[in-house]
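Q: 3D, please:
(chains A and B)
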Protein chains: 2
Amino acid sequence: MKIDHISTTSATNGGDTAICRTFEVAVFDRRDLSLPTVVASPYPVVGDELNLIPPLNFAMVDNGIFRSGFPDSANFSFLQTLGLRSIICLCPEPYPEATTEFLKDGGIKLYQFGIEGYKEPFVNIPQDTIREALKVVLDAKNHPVLIHCKRGKHRTGCLVGCLRKLQKWCLTSIFDEYQRFAAAKARVADQRFMELFDVSTLKHMPLSFSCSKR
Amino acid sequence: MKIDHISTTSATNGGDTAICRTFEVAVFDRRDLSLPTVVASPYPVVGDELNLIPPLNFAMVDNGIFRSGFPDSANFSFLQTLGLRSIICLCPEPYPEATTEFLKDGGIKLYQFGIEGYKEPFVNIPQDTIREALKVVLDAKNHPVLIHCKRGKHRTGCLVGCLRKLQKWCLTSIFDEYQRFAAAKARVADQRFMELFDVSTLKHMPLSFSCSKR
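A: Next comes the predicted model:
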């Protein structure tokens, strides 16, 4: 696994534990906001077949923002169609070698916020970590960006829910969207987290999304 | 209900029944592809409150394409943030006066494809009508566009599923997305319709979506 650059954010979570590990797996200068150039793919899509496989629980959140469960090699052809600039991984587990290579080939930057999975009632979604992840989501320089955790239900659902608060969605609609992805696994603790999450410190950040035109 | 212009498409469904009724509720020249200008809103959003209410089952499908259930006046403030150019209504019922006025005020063009709701096993989704609606979806001049039916499950789900076929999604993922919105109301007949729908005649149309960069 070749990593050209590793850095941690200056924000820390209660001491010296880094909230985010950033992996630049290839050096690309794409600071401009134009869409990335898509080059010839090593993951062929042949003829008329329906052969693009989005990751589990894949969906578009807003302009330049996608969500899903853990991507694997079956999803590479599909992911390439998104022209991703970055991925926000909310799991602590490292990627398999093939996924790291895929990111490297595509010049995709990885932001890893290692939030442990948990079972109710032992719920502990770290607010500071979600806040740092949200800053990455809000930065249009990272778009198109894919947010994912393991199944695209809880950690991803909480981060997207906090984004919806910034977009001033009413809580009922935020919970409805959360439940559409979490389905039978929806958790009251996650919904309480979203309800109590304080977005006031993030309001200075510009929202470039389709649902924020006013 | 003031309608400045009504037209029907040339395509017909087995004779002289018009597939689509088009309502231009205001005269706007927005043939260019720039985003529409959002003017001061008569539907106020106040302070820090979470008071934007998306329609039932609202979601983003792809760049410039949204889906939902039947919008009502509680959703007007939210809908205004989308800067819609057009709406595709898949129900035969006319809009209430307030909704017609909202479209008129926003210069939003209405394409109405009146597909009757039905109960299994009496299923009859007209392929020609979905094909004509899909052409409207694919025309970037209509974006941003909202597709809706009554609950955003069946008619809307079928149209979005056919779009996904054009985007070469595998059937498993198309059905998974359909079921996320239809939930307990998912219908085998709808899934069979999507599986058998022939997209070959639409392949000449350019796809400007995020999921079609190759």
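Q: got the contact list for the closest residue to residue A:116 other than its chain neighbours?
A: Leaving aside its chain neighbours, residue A:116 sits nearest to residue A:92 (6.2 Å; criterion: Cβ to Cβ, 6 or more residues apart in numbering or on different chains). (Each C-beta comes from the backbone N, C-alpha and C, glycine too.) Going by Cβ atoms under 8 Å, 6 or more residues apart in numbering or on different chains, residue A:92 touches A:112, A:114-116.
Q: What subset of those is buried?
A: A:112, A:114-115 (16 or more other Cβ atoms under 10 Å in any protein chain shown).
Q: Mind checking which of the residues you listed land in helices?
A: With DSSP state H as the criterion, helices contain none of the buried ones among the contacts of residue A:92.
Q: In which helix or strand does the residue nearest the centre of chain A reside?
A: Of all residues in chain A, the one closest to the mean position by Cα atoms, centre = their mean is residue A:147, 1.4 Å from it. Secondary structure assignment for residue A:147, by DSSP states H and E: strand A:145-148.
Q: List the contacts of that strand.
A: Contacts for strand A:145-148 (Cβ under 8 Å, 6+ apart): A:55, A:61, A:64-71, A:79, A:82, A:84-91, A:133, A:136-137, A:156, A:159-160.
Q: average pLDDT for it?
A: Taken as a whole, strand A:145-148 has a mean pLDDT of 98.
Q: State the mean pLDDT of the helix or strand encompassing residue A:133.
A: Using DSSP H and E, the element containing residue A:133 is helix A:127-138. Averaged over helix A:127-138, pLDDT sits at 96.
Q: What helices and strands are in contact with it?
A: strand A:86-89, strand A:145-148, helix A:155-166 (3 or more Cβ pairs under 8 Å, 6 or more residues apart in numbering or on different chains; DSSP states H and E).
Q: let's see 6 Å
A: helix A:155-166 (3 or more Cβ pairs under 6 Å, 6 or more residues apart in numbering or on different chains; DSSP states H and E).
Q: Show me the contact partners of whichever helix or strand comes after the helix it packs on.
A: Next along the chain after helix A:155-166, taking DSSP H and E as the criterion, comes helix A:171-182. With Cβ atoms under 6 Å, 6 or more residues apart in numbering or on different chains as the test, helix A:171-182 has contacts from A:57, A:153, A:157, A:161, A:164, A:186, A:191, A:195, B:50, B:54, B:180.
Q: Looks like the first one contacts residue A:69 (just checking).
A: The one in question is residue A:57. Yes: using Cβ atoms under 6 Å, residue A:57 makes contact with residue A:69 at a distance of 4.7 Å.
Q: joint contacts of those two?
A: In contact with both residue A:57 and residue A:69: residue A:152, using Cβ under 6 Å, 6+ apart.
Q: Comparing these two, which residue is more hemmed in?
A: Set side by side, residue A:57 and residue A:69 show more neighbours around residue A:57, with 23 against 19, by other Cβ atoms under 10 Å in any protein chain shown.
Q: Assign the more buried one to helix, strand or coil.
A: coil (DSSP: H, G, I helix; E, B strand; the rest coil).
Q: Could you pull out the strands in chain A for me?
A: A:5-8, A:21-24, A:59-62, A:65-68, A:86-89, A:109-112, A:145-148 (DSSP state E).
Q: which stretch among those strands comes nearest residue B:107?
A: strand A:59-62 (23.0 Å; Cβ to Cβ).
Q: before we move on, the earlier item: now, among the buried ones among the contacts of residue A:92, which is nearest to residue B:101?
A: Nearest to residue B:101 among these, with distances taken as Cβ to Cβ, is residue A:115, at 46.5 Å.
Q: Low-confidence stretches in chain A?
A: A:1-18, A:24-48, A:120-123, A:206-214 (pLDDT under 70).
Q: now do 80
A: A:1-19, A:21-48, A:118-123, A:204-214 (pLDDT under 80).
Q: what sits against the closest residue to residue A:194 other than its chain neighbours?
A: Leaving aside its sequence neighbours, residue A:194 sits nearest to residue A:161 (Cβ to Cβ, 6+ apart; 3.8 Å). The contact partners of residue A:161, by Cβ under 6 Å, 6+ apart, come to A:174, A:178, A:194.
Q: distance of residue A:161 from chain B?
A: Using Cβ to the nearest Cβ, to the nearest Å, one obtains 11 Å as the distance from residue A:161 to chain B.
Q: swap in residue A:175?
A: 11 Å.
Q: neighbours of residue A:192, just the number please.
A: Residues near residue A:192, counting by other Cβ under 10 Å: 12.
Q: Bridge partners for residue A:89, pull those for me.
A: Assessed by DSSP bridges, residue A:89 has beta-bridge partners residue A:112, residue A:148.
Q: I'd guessed it sits against residue A:112; true?
A: Yes: counting by Cβ under 6 Å, residue A:89 touches residue A:112, with 4.7 Å between them.
Q: How many residues are close by residue A:184?
A: Using other Cβ under 10 Å, residue A:184 has 6 other residues around it.
Q: hmm, back to that, quick check: of the contacts of helix A:171-182, which has the highest neighbour count?
A: residue A:157 (30 neighbours).
Q: can you count the residues close to the spatially closest residue to that residue that is not a sequence neighbour?
A: Excluding the flanking residues, the one nearest residue A:157 by Cβ to Cβ, 6+ apart is residue A:178, at 4.5 Å. The tally of other residues near residue A:178 (other Cβ under 10 Å) stands at 22.
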